[in-house]
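Chemist: I would like to see how this sequence folds:
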Amino acid sequence: MVKRLGVPVVFLIILVVAAMVLISTHGDKSSSSNSLLDQYAVDETIPQVNLTDADGKTVALDTLGQQPTLLTFWSTGCSECKQALTDQQTFAKNNSKVNLAFVNYYGSVVDAQKKLGEYGITQPTYFDASGDAFNALSASMPSTYLLKDGQILYYFPGRIGSDILAQLLNQF
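Modeler: Modelled structure (predicted):
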């Protein structure tokens, strides 16, 4: 009698353990809803470096990050940058709580403005001809930072996908 009950009991124990493992790894979605963003969290102070605007006026990088701002480094020779900039501009049209600021790295103002016109980009663009900001942030091309209250909250190397942009909507 004991031998006949042993197999079903072992089977039930295996089922219970498997269910517990599944629940612990795929359980409550609300607790893992930001897991996509968590891997990009950095929480660092924005470095004190300067950019220039299209008119050549100096703009401190940390002044751009007081309000929630997606700051994206791009260049005219970057193949992924066109899609990154257009995706983010579309995102900004649907979410007025997050500002956009694009930073052209190591290019001329004229060339950058020409590319922006070709891409249909109307968002503010700054210039980092010296590479000081690019180097201070250890940026890649393209790379995007979510800035707020003088802090870098997230760093996204490469082009941000729509899944990440959608998660960012939930932050504000």
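
Chemist: isn't Tyr155 up against Tyr40?
Modeler: Yes - counting by CB atoms under 8 Å, Tyr155 touches Tyr40, with 5.8 Å between them. No exception for glycine: its C-beta is placed from N, CA and C like everyone else's.

Chemist: so where's this protein uncertain?
Modeler: Confidence mapping of the chain against pLDDT under 70 gives the ranges 1-34.

Chemist: gap between Asp149 and Ala133?
Modeler: Counting by CB to CB, to the nearest Å, the gap from Asp149 to Ala133 is 19 Å.

Chemist: higher neighbour count, these two?
Modeler: In this view Asp149 and Ala133 are compared by other CB atoms under 10 Å, and Ala133 has more residues nearby, 21 against 10.

Chemist: that one is in what secondary structure piece?
Modeler: If you go by DSSP states H and E, Ala133 is part of helix 132-136.

Chemist: name the residues of that helix that are buried.
Modeler: Ala133, Phe134 (16 or more other CB atoms under 10 Å).

Chemist: repeat that for stretch 42-50.
Modeler: Applying 16+ other CB under 10 Å to stretch 42-50 flags Ile46, Val49 as buried.

Chemist: repeat for stretch 117-137
Modeler: Ile121, Gln123, Thr125, Tyr126, Phe127, Asp128, Ala133, Phe134, Leu137.

Chemist: partners of Trp74 in the sheet?
Modeler: Asn104 (DSSP bridges).

Chemist: identify the residues contacting it.
Modeler: By CB atoms under 8 Å, 6 or more residues apart in numbering, Trp74 lies in contact with Cys81, Ala84, Leu85, Phe102, Val103, Asn104, Tyr105, Met141, Pro142.

Chemist: kindly recompute the last result at 6 Å.
Modeler: Residues in contact with Trp74 (CB atoms under 6 Å, 6 or more residues apart in numbering) are Cys81, Phe102, Pro142.

Chemist: helices of this protein, start to end?
Modeler: Using DSSP state H, the helices of the chain run over residues 2-26, 35-38, 61-64, 81-94, 109-119, 132-136, 162-169.

Chemist: state the distance from Glu118 to Asp111.
Modeler: Applying CB to CB, one obtains 11 Å for the distance of Glu118 from Asp111.
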